[in-house]
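# Build me a model:
(2 chains)
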Protein chains: 2
Amino acid sequence: MRTRPLKVALLGCGVVGSEVARIMTTHADDLAARIGAPVELAGVAVRRTGKAREGIDPALVTTDATALVKRGDIDVVVEVIGGIEPARTLITTAFEHGASVVSANKALLAQDGAALHAAAEANGKDLYYEAAVAGAIPLIRPLRESLAGDKVNRVLGIVNGTTNFILDKMDSTGAGYQEALDEATALGYAEADPTADVEGFDAAAKAAILAGIAFHTRVRLDDVYREGMTEVTAADFRSATEMGCTIKLLAICERSKDGTSVTARVHPAMIPLSHPLASVRGAYNAVFVESDAAGQLMFYGPGAGGSPTASAVLGDLVAVCRNRLSGATGPGESAYADLTVSPMGDVVTRYHISLDVADKPGVLAQVATVFAEHGVSIDTVRQQGKDGEASLVVVTHRASDAALSGTVEALRKLDTVRGVASIMRVEGE
Amino acid sequence: MRTRPLKVALLGCGVVGSEVARIMTTHADDLAARIGAPVELAGVAVRRTGKAREGIDPALVTTDATALVKRGDIDVVVEVIGGIEPARTLITTAFEHGASVVSANKALLAQDGAALHAAAEANGKDLYYEAAVAGAIPLIRPLRESLAGDKVNRVLGIVNGTTNFILDKMDSTGAGYQEALDEATALGYAEADPTADVEGFDAAAKAAILAGIAFHTRVRLDDVYREGMTEVTAADFRSATEMGCTIKLLAICERSKDGTSVTARVHPAMIPLSHPLASVRGAYNAVFVESDAAGQLMFYGPGAGGSPTASAVLGDLVAVCRNRLSGATGPGESAYADLTVSPMGDVVTRYHISLDVADKPGVLAQVATVFAEHGVSIDTVRQQGKDGEASLVVVTHRASDAALSGTVEALRKLDTVRGVASIMRVEGE
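Numbering: from 1, shown residues only, chains lettered A, B, ... in the order given. The predicted structure follows:
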């Protein structure tokens, strides 16, 4: 074994960073044996010094992250700051000064992955980011490497633990969204400002990263259709139950039937209780992958938290250190397929639509005509009438989002349709 | 991209081999883009020539596998023959003649993994074998690489599709073992001679491989305790249902509480219906991994079959080809931890025991005394009496296998115990 240690600079020392530092210390012998050389924590960049950090030599702590990544003797920079800047500049600077990078930064990877990969490649360095998607669950590596000889057609995942906790709570207790969110906040599963989670921004960043890797095509954050789950109601869950389904916030990346284009989207959807994703409870994450040869695979585990994320970071750290010792680099960006990224209108799926309608003869015929005129085929209709008001629940066959949108627009114009109570996509069948 | 192709020799052209050859042809452009150089099928060794093999140039087919691996211009040998010989000699010869190896051979890896890894390392070559365990499910790579910075404490898996199909059938229909086996055979899930599957030999080989990787310790096939599932009865499933459990044939690799030793075993066991493994149906495989930092992970997918196994082989082929282009090798054997592999007697778990006893006063007291004398603590007891005969169902707290064996031996000597109807371990709690 080489005795000169590999030097690691840690950017950020919050929940994840402190856990990375802790494991680097407590498991130093294991890491050295697995890498083939010891690893040494050479510096820790934080926003404010002065706070005691257990197990970290205060002499290593600095507020000057730029100077740390510019030192020139750093082998690997571990970036767990999050956010776009200063993370982006620090990573680019690290490459320019000879370091490889392990990052857990989904927002940055989703927004600027192509530029960061290019910077890594230009400098002959590694950029690894297993921790950026679904925490501890090995997902980037299996997609990039294990399935490298296969053709992935679809990635369907629960990639946000906060929203899964909320939806699971609504499902199991009948609670409304606000009540379930309050409990998630009280238990520390939701942040004080839960927007990034509940509006699907976090999941959309992960969808962009997963789609890019799965389809060997650049998928930008803006390419991902995004719909949050704040409008999911207890009534939607009752509808889902009647359908033999539950509701999950899903990230869905799909290759079109003809293979020439892909789509990526995040929205709440009904999935059958028999689908493996339906039984993913609490704050757990799971990602379902369908490919030509492998068939259906699922990866399940904790999607967030200090320790699980640190596990993913350290796995990458070992790989990157091994690469440095052998003088090689791991797989970089693979975007050769360069498929068209299609808009949401091209997505084809099934829909569950609840309409409030006038309770009089001929309404169903009118509604059915609108669906037919827009080429959306109806699977089942259920009518419930009461006191002159009625509800109509329509479940469609597969149709494009554009066709469904046109249908809904036309339905809203019908005098007999008082309102569209909910539209929910039905996935996983 | 390099234009000179990497040359691949395929040993074996059965269900898996022909699928590997097919995908290498149909997905040649994708493979080239992902590797950075084209790959060329340079030879296919088979037992008998003369059979037309669709899509394979007859000029490539040979019965002389030895000459093929000795050619000297082969970059990667893909071994999908199975069995110990001639596979072992061919792989060793391949290393000596400059090739890296991708193998799907679980029996060989379990028996001679250490020697094969040593041969690979001595020649500076790669030995990859994702397809040897759980078919298409990425498992070796996540354990070897993604969790390289973590400490795995337990691997609990359904790693044999045939037995899972049979047990699932028994569970869902109430069928007996023979009836379920017959159906599995008729549907092609069980071979004409199902011994390797139903007696747990196949699962034991996989357990040895998984334990070795998970614990960085050599675990030989002989180290794995093995019990088949041919004696599981419909009555056992009724008992399991009463416990809120189902029965699965599990491969279990565990680190001891004090961290200094490991065990590996294969046997049928009850697991709670709430455990993610309980809902793995049909011929699917799933492996549950528990580690210090990552927590609980699960990997799920098809555990066998031509296409899924080919997917795993091709993922390895891409990795090995990339390594060759960069002049590096991937992770080799990691056995530095060199933990003690403890015998079955040291395994600690819970037990469900059904006893046929005389229906008279004092029997329960006698039985309870025997448990107490052997240090096995009882969780629950249920008595059912009828016509002078009675049954006693005992569920224990955690106890060592040695203590339980001693208890059972003493129970058999009691006059009032007519027989031990079944002993089933209870896992996953």
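
# near chain B, which residues of the stretch 51-200 of chain A?
A:130, A:136-138, A:141-142, A:145-151 (Cβ under 8 Å from any Cβ of the partner chain). Bear in mind the C-beta positions are built from the backbone N, C-alpha and C, glycine included.

# Whatever residue of the stretch 201-350 of chain A ends up closest to chain B: what secondary structure?
Relative to chain B, the nearest point of the stretch 201-350 of chain A is residue A:314 (2.3 Å; Cβ to the nearest Cβ). Assigned with DSSP: H, G, I helix; E, B strand; the rest coil, residue A:314 falls in the helix class.

# How about it: what's its closest non-neighbour residue?
Of all residues not flanking residue A:314 in the chain, residue B:149 sits nearest, at 2.3 Å (Cβ to Cβ, 6 or more residues apart in numbering or on different chains).

# What of residue A:21?
Residue A:21's closest residue in space is residue A:56 (Cβ to Cβ, 6+ apart), at 5.4 Å.

# what's the burial count for that neighbour?
20 (other Cβ atoms under 10 Å in any protein chain shown).

# so it, which of the three states?
When classified by three-state DSSP, residue A:56 comes out as coil.

# now it: how far from chain B?
17 Å (Cβ to the nearest Cβ, to the nearest Å).

# On the secondary structure side, give me the element for residue A:72.
For residue A:72, there is no helix or strand it lies in under DSSP states H and E.

# check contacts around the residue of chain A most remote from its centre.
Most distant from the centre of chain A: residue A:361, at 46.2 Å, with distances by Cα atoms, centre = their mean. Applying Cβ atoms under 8 Å, 6 or more residues apart in numbering or on different chains, we find residue A:361 in contact with no residue.

# List the buried residues for the helix or strand hosting residue A:406?
Following DSSP H and E, one finds residue A:406 within helix A:401-413. Buried residues in helix A:401-413, counting neighbours by 16 or more other Cβ atoms under 10 Å in any protein chain shown, are found at A:401, A:402, A:403, A:404, A:406, A:407, A:408, A:410, A:411.

# Which elements pack onto it?
Here helix A:401-413 touches strand A:348-358, helix A:363-373, strand A:417-426, going by 3 or more Cβ pairs under 8 Å, 6 or more residues apart in numbering or on different chains; DSSP states H and E.

# burial count for the closest residue to residue A:296 other than its chain neighbours?
Distance criterion Cβ to Cβ, 6+ apart; nearest residue to residue A:296, sequence neighbours excluded, is residue A:290 at 5.5 Å. Residues lying near residue A:290 (other Cβ under 10 Å) number 15.

# Residue A:290 reaches residue A:154, doesn't it?
Yes: the pair residue A:290 and residue A:154 qualifies as a contact (Cβ atoms under 8 Å) at a distance of 4.3 Å.

# Quickly list the domain ranges of chain A.
Per automatic domain parsing, the structural domains of chain A span A:6-136+A:306-326, A:140-302, A:347-426.

# So what would you say the end-to-end distance of the last one is?
This means domain A:347-426. The first residue of domain A:347-426 is 12 Å away from its last residue (Cα to Cα, to the nearest Å).

# try stretch A:47-63
6 Å.

# Give me the distance from that stretch to the chain's centre.
When distances are taken as Cα atoms, centre = their mean, to the nearest Å, stretch A:47-63 is centred 32 Å away from the chain's centroid.

# cool, stretch A:262-274 as well?
With Cα atoms, centre = their mean, you get 12 Å for stretch A:262-274.

# Using CSV, list the CA coordinates for it.
Output of stretch A:262-274 as CSV, limited to C-alpha atoms (Å, rounded to 0.1, in the frame of the first residue of the first chain):
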residue,chain,number,x,y,z
VAL,A,262,-37.4,11.4,-24.2
THR,A,263,-39.5,13.2,-21.7
ALA,A,264,-38.9,14.0,-18.0
ARG,A,265,-41.6,15.1,-15.6
VAL,A,266,-42.5,15.3,-11.9
HIS,A,267,-46.0,15.3,-10.7
PRO,A,268,-48.4,13.5,-8.3
ALA,A,269,-49.9,10.3,-9.8
MET,A,270,-52.0,7.4,-8.9
ILE,A,271,-50.2,4.0,-9.0
PRO,A,272,-51.7,0.6,-8.4
LEU,A,273,-51.2,-0.8,-5.0
SER,A,274,-49.6,-3.9,-6.6
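
# does any bit of it sit next to chain B?
No: Stretch A:262-274 stays clear of chain B (Cβ under 8 Å from any Cβ), getting no nearer than 9.3 Å.

# Report the rounded mean pLDDT for that stretch.
Taken as a whole, stretch A:262-274 has an average pLDDT of 96.

# What is the burial count for the residue in the stretch 51-200 of chain A that chain B sits nearest to?
Closest to chain B within the stretch 51-200 of chain A is residue A:149: 2.3 Å, counting by Cβ to the nearest Cβ. By other Cβ under 10 Å, 29 other residues sit near residue A:149.

# Same question for residue A:223.
Other residues close to residue A:223 by other Cβ under 10 Å number 22.

# show me what contacts it?
So residue A:223 contacts A:208, A:211, A:264, A:341 (Cβ under 8 Å, 6+ apart).

# tell me which residues in stretch A:418-425 are buried?
Those would be A:421, A:422, A:424, A:425, for stretch A:418-425 by 16+ other Cβ under 10 Å.

# Disregarding flanking residues, what is the spatial nearest neighbour of the last one?
So that's residue A:425. Per Cβ to Cβ, 6+ apart, closest to residue A:425 is residue A:269, 4.4 Å.

# Equivalent analysis for residue A:159, please.
Nearest non-adjacent residue to residue A:159 (Cβ to Cβ, 6+ apart): residue A:206, at 4.4 Å.

# and the one you found, what pLDDT?
pLDDT, read off for residue A:206, is 97.

# With residue A:84 instead?
Note for residue A:84: predicted pLDDT of 96.

# Not counting residues beside it along the chain, what's closest to it?
The shortest distance from residue A:84 to any non-neighbouring residue, by Cβ to Cβ, 6+ apart, is to residue A:108 (5.6 Å).

# hmm, who's touching the lowest-mean-pLDDT helix or strand in chain A?
One helix or strand of chain A scores below all others by mean pLDDT, DSSP states H and E: strand A:378-386, with a mean of 87. Applying Cβ under 8 Å, 6+ apart, the contact partners of strand A:378-386 are A:350, A:359, A:364, A:368, A:371, A:390-397.
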